[in-house]
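Undergrad: Any chance you can model this:
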Amino acid sequence: MVDFKAGAVAATTPRTIEVLLGTHNGERFLREQIDSILQQDYSPVRILARDDASTDGTMAILSHYAEQYPERFTLLPDREPSGGAQWNFLRLMQASEADFVCFADQDDVWLPGKISRSMRALHDLEASYGANVPLLVFSDLRVVDQELHSLHESYWANEVICADDIHRLPRILQQNVVTGCTATLNRALVNLALRMPPEAPMHDCWVALIASTMGHAAPLKEATVLYRQHGGNVVGATIGKSSLVELVQRALLSNGRRAQWIVQQRMAAAFLRVYGNEIPDAKRVVLETYLECGTARSGWTRVRMLFGHGFLRRGLLRNLATAWELLRTPPS
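TA: Numbers count the residues shown, from 1 in each chain. Predicted structure coming up:
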């Protein structure tokens, strides 16, 4: 095994970044992921891991790294089931005291410059906005199969994601553009994210909403992570090309579209409840208008608000499907 104890030596003394690694029955790919983090060209880097009641060999692997690299790898003793990946990461955020944190999934592989590129972008944001403002950096991913063979060079292109939508709150309310395993957060953003409520569908969309509403973000338009697809992903990429008929059928799947709309509406309502007057006035108006879009009595009014205020996803079929659902179902 490679000796990671010394780490890379930077020209200046950078602040420590902590990688929050959440695991659950991840023994198959876990060693490869941990090694890719410890081999990053940025120092100092620490890993803070928490296992979510695994029943395979995950804990043995984590314990091995904690014993081998005690200065760089910490394993939290809490192994009670958290209730889902987002809550596992919330417990990790609660335990972390670092100036900067990254989220890490158990089955990916980080490309060598992931942390250093992210930290350069974060330092640029700090220089512009200050360290007390919530700041977020995230990137594209390369989609690979379980053997790390490339399936798609750009996850964003494959999923029709425009990363610059992070600066457009109406878009973020409808379609998250931040994949958690690419995200790097400063302490100000972590502190706000600690209030994440049950209505948050995932931790990454919640921190994206905080950054879009009360802070700033910088997308890195390059892949920094090999996003492994193996059939057991909590969230994954759409693999393979679909025919036009299949695309239409998927877009018009009423149960899925309606359920997604309800989740997004509940998250927006919870966001207003949790952060209240901390939200800038202009952004609060956008959130309130978005909620009105879901509660207006007339379906035609809801559709006009959807398009008029830009509460849209990328892709015409997706938006037509949402409009159809708003027309045909009662207000939320």
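Undergrad: quick one: low-confidence parts of the chain?
TA: For the chain, applying pLDDT under 70 flags the ranges 1-14, 231-256, 332.
Undergrad: And the strands in it?
TA: 17-23, 45-51, 73-75, 100-104, 109-110, 135-144, 150-152, 184-186, 216-228 (DSSP state E).
Undergrad: Output these as JSON lines; include the columns distance to Ile279.
TA: Bear in mind the C-beta positions are built from the backbone N, C-alpha and C, glycine included. Shown next, in JSON lines, are the strands of the chain (distance: least, C-beta to C-beta, whole Å):
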{"stretch": "strand 17-23", "distance to Ile279": "26"}
{"stretch": "strand 45-51", "distance to Ile279": "30"}
{"stretch": "strand 73-75", "distance to Ile279": "34"}
{"stretch": "strand 100-104", "distance to Ile279": "23"}
{"stretch": "strand 109-110", "distance to Ile279": "33"}
{"stretch": "strand 135-144", "distance to Ile279": "16"}
{"stretch": "strand 150-152", "distance to Ile279": "36"}
{"stretch": "strand 184-186", "distance to Ile279": "18"}
{"stretch": "strand 216-228", "distance to Ile279": "15"}
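Undergrad: Would you tell me which of those strands gets closest to Ala85?
TA: With respect to Ala85, and counting by C-beta to C-beta, the nearest of those is strand 17-23 at 6.0 Å.
Undergrad: what residues does the closest one touch?
TA: 30, 33-34, 37, 42, 44-52, 54, 58, 62, 85, 88-89, 92-93, 96, 98-106, 115, 119, 184 (C-beta atoms under 8 Å, 6 or more residues apart in numbering).
Undergrad: can we see that at 6 Å?
TA: Strand 17-23 is contacted from outside by 37, 45-51, 58, 88-89, 92, 96, 98, 100-104, 106, using C-beta atoms under 6 Å, 6 or more residues apart in numbering.
Undergrad: The stretch 1-150 of the chain: helices as residue ranges?
TA: In the stretch 1-150 of the chain, the helices defined using DSSP state H, counting those that start in this stretch lie at 30-38, 58-68, 85-95, 114-129.
Undergrad: Thr23 and Gln40: what is the separation?
TA: The gap separating Thr23 from Gln40 is 19 Å, by C-beta to C-beta, to the nearest Å.
Undergrad: Settle it for me: which of the two has more neighbours?
TA: Thr23 (27 against 21; other C-beta atoms under 10 Å).
Undergrad: Quick check: the gap between the more buried one and Ser212.
TA: Distance from Thr23 to Ser212, counting by C-beta to C-beta: 29 Å.
Undergrad: now swap in Met59 and tell me
TA: With C-beta to C-beta as the criterion, Met59 and Ser212 are 37 Å apart.
Undergrad: Give me the nearest residue to Gly57, chain neighbours excluded.
TA: With sequence-adjacent residues excluded and distances taken as C-beta to C-beta, 6 or more residues apart in numbering, Gly57 is closest to Glu27, at 4.1 Å.
Undergrad: Same question for Gly215.
TA: Pro134 (3.1 Å).
Undergrad: Let me see the contact set for that neighbour.
TA: Shown in contact with Pro134 (C-beta under 6 Å, 6+ apart): Ala188, Leu189, Leu192, Ile210, Ala211, Met214, Gly215.
Undergrad: Take the residues you listed and write them to CSV, including distance to Phe73 and neighbour count.
TA: Compiled in CSV, the contacts of Pro134 are given as follows (distance: C-beta to C-beta, whole Å; neighbours: other C-beta atoms under 10 Å):
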residue, distance to Phe73, neighbour count
Ala188, 26, 20
Leu189, 24, 24
Leu192, 27, 21
Ile210, 28, 26
Ala211, 28, 29
Met214, 33, 18
Gly215, 30, 20
